[in-house]
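**Q** here is a sequence together with a model predicted from it:
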Amino acid sequence: MQEVRSVHGGRHELGQNFLVHAPTLDSLTALVASAAGPVIEIGAGDGALTRRLAALGRPLTAIELDEHRVRRLRVSLPAHVRVEHGDAMVHPMHAPVLVGNLPFHLTTPILRRLLRLRAWREAIVLTQWEVARKRAGVGGRTLMSAQAGPWFEFELHGRVPARGFRPAPSVDGGILRIRRREESLVPSAAAGAYRDFAHRVFTGRGGALPRILQRATGRPPHEVRAALAEAGAVSAALPRDLDPEQWALLFTCLGPRLTPSRCR
């Protein structure tokens, strides 16, 4: 029987590559089990992960954009699971734990939205392998990771073969765990200034990191050298090589004088 098309489009428009890889479903469930509190699943699809999460016995809300799947999930899932028809780009995310197989074509905007929200403490998401790897800082960080690093920790938890999805996408997936830091590396009041600082440095020109920092901040070479030494970043070749602690300390030393400096 041919599947009824959603008003939001077919599989391609909805970015639906359903996870069928049992080891990955088990890994996602175990990661959620290790995080305390009610859970929101982003993009429930046909419910393969939802059923495992339901077995944890925790408050669970499953969000799905396809209205036909929403109707089927409401019938087939246990009564304690709440299924809501919604779009991950706008739906409220008021739960401490988020989990989901993100549509690959919407990974970046969804991640950007999640990093702006305040209610959740931990997010376990399945994304393209390269996205998960770079967000976790493997082989160099991205601008998004640099801007979010003072407030979030990113961890890579495994690679998922493309054959583990139906239909199979053209790339592998990766499990990314994002945790909100208990203590931020940069005060929240300086968040806007820090993100602007990270953007100017990350996208700056100059070849080597010292020159990039000089041009991005307008500081003289001796101040830049001192800041790099204080941050333990003398050997860093490019902004992508900096870890969150180094970014935060460079901001304190070279950014606007918004907070007491930790530089010597």
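**A** Thanks, I have the structure now.
**Q** for the rest of this, base every contact and every neighbour count on C-alpha atoms.
**A** Noted.
**Q** show me where the stretch 1-150 of the chain has helices.
**A** Taking DSSP state H, counting those that start in this stretch, the helices of the stretch 1-150 of the chain run over residues 11-14, 22-33, 48-54, 67-76, 107-116, 129-135, 143-148.
**Q** for these, give me JSON lines that also has distance to residue 253.
**A** Shown next, in JSON lines, are these (distance: least, Cα to Cα, whole Å):
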{"stretch": "helix 11-14", "distance to residue 253": "45"}
{"stretch": "helix 22-33", "distance to residue 253": "37"}
{"stretch": "helix 48-54", "distance to residue 253": "45"}
{"stretch": "helix 67-76", "distance to residue 253": "51"}
{"stretch": "helix 107-116", "distance to residue 253": "25"}
{"stretch": "helix 129-135", "distance to residue 253": "25"}
{"stretch": "helix 143-148", "distance to residue 253": "16"}
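**Q** relative to residue 90, which of those is closest?
**A** Nearest to residue 90, of all the helices of the stretch 1-150 of the chain, is helix 107-116, at 8.7 Å by Cα to Cα.
**Q** ok so, going back, what's the closest of the helices of the stretch 1-150 of the chain to residue 224?
**A** Closest approach to residue 224 among the helices of the stretch 1-150 of the chain is made by helix 143-148 (18.7 Å; Cα to Cα).
**Q** now the closest one: average pLDDT?
**A** Averaging pLDDT along helix 143-148 yields 95.
**Q** where in the chain is the helix or strand with the lowest mean pLDDT?
**A** Ranking every helix and strand in the chain by mean pLDDT, DSSP states H and E puts helix 11-14 at the bottom, with a mean of 46.
**Q** measure the most centrally placed residue in the chain to residue 105 for me?
**A** In the chain, the residue lying closest to the centroid (Cα atoms, centre = their mean) is residue 111, at 4.8 Å. In this structure, residue 111 and residue 105 are 12 Å apart, going by Cα to Cα, to the nearest Å.
**Q** what do you get for residue 166?
**A** On the measure of Cα to Cα, residue 166 and residue 105 end up 16 Å apart.
**Q** look up the closest residue to residue 165, ignoring the ones flanking it.
**A** Spatial nearest neighbour of residue 165, excluding adjacent residues (Cα to Cα, 6 or more residues apart in numbering): residue 19 at 4.5 Å.
**Q** is it true that the one you found touches residue 48?
**A** Yes: the criterion here is Cα atoms under 8 Å, and residue 19 meets it with residue 48 at 7.3 Å.
**Q** can you list residues touching both of those two?
**A** Jointly contacting residue 19 and residue 48 under the rule Cα atoms under 8 Å, 6 or more residues apart in numbering are residue 25.
**Q** which one's more surrounded, the two?
**A** Neighbour tally, residue 19 and residue 48, criterion other Cα atoms under 10 Å: the higher count belongs to residue 19, 24 against 15.
**Q** show me what contacts the more buried one?
**A** Counting by Cα under 8 Å, 6+ apart, residue 19 makes contact with 25, 48, 101, 164-166.
**Q** where does it land on pLDDT?
**A** Residue 19 is assigned a predicted lDDT (pLDDT) of 97.
**Q** and it, how close does it get to residue 127?
**A** From residue 19 across to residue 127, the span is 11 Å (Cα to Cα).
**Q** ditto for residue 56
**A** Residue 56 is 23 Å from residue 127, where distance means Cα to Cα.
**Q** more crowded one of the two?
**A** Using other Cα under 10 Å as the criterion, residue 56 and residue 127 rank with residue 127 on top: 26 against 13.
**Q** pLDDT wise, what is that one at?
**A** 97.
**Q** so residue 200, which state does it fall into?
**A** Secondary structure state of residue 200, per DSSP: H, G, I helix; E, B strand; the rest coil, is helix.
**Q** wait, it touches residue 218, no?
**A** No: counting by Cα under 8 Å, residue 200 stays clear of residue 218, with 11.2 Å between them.
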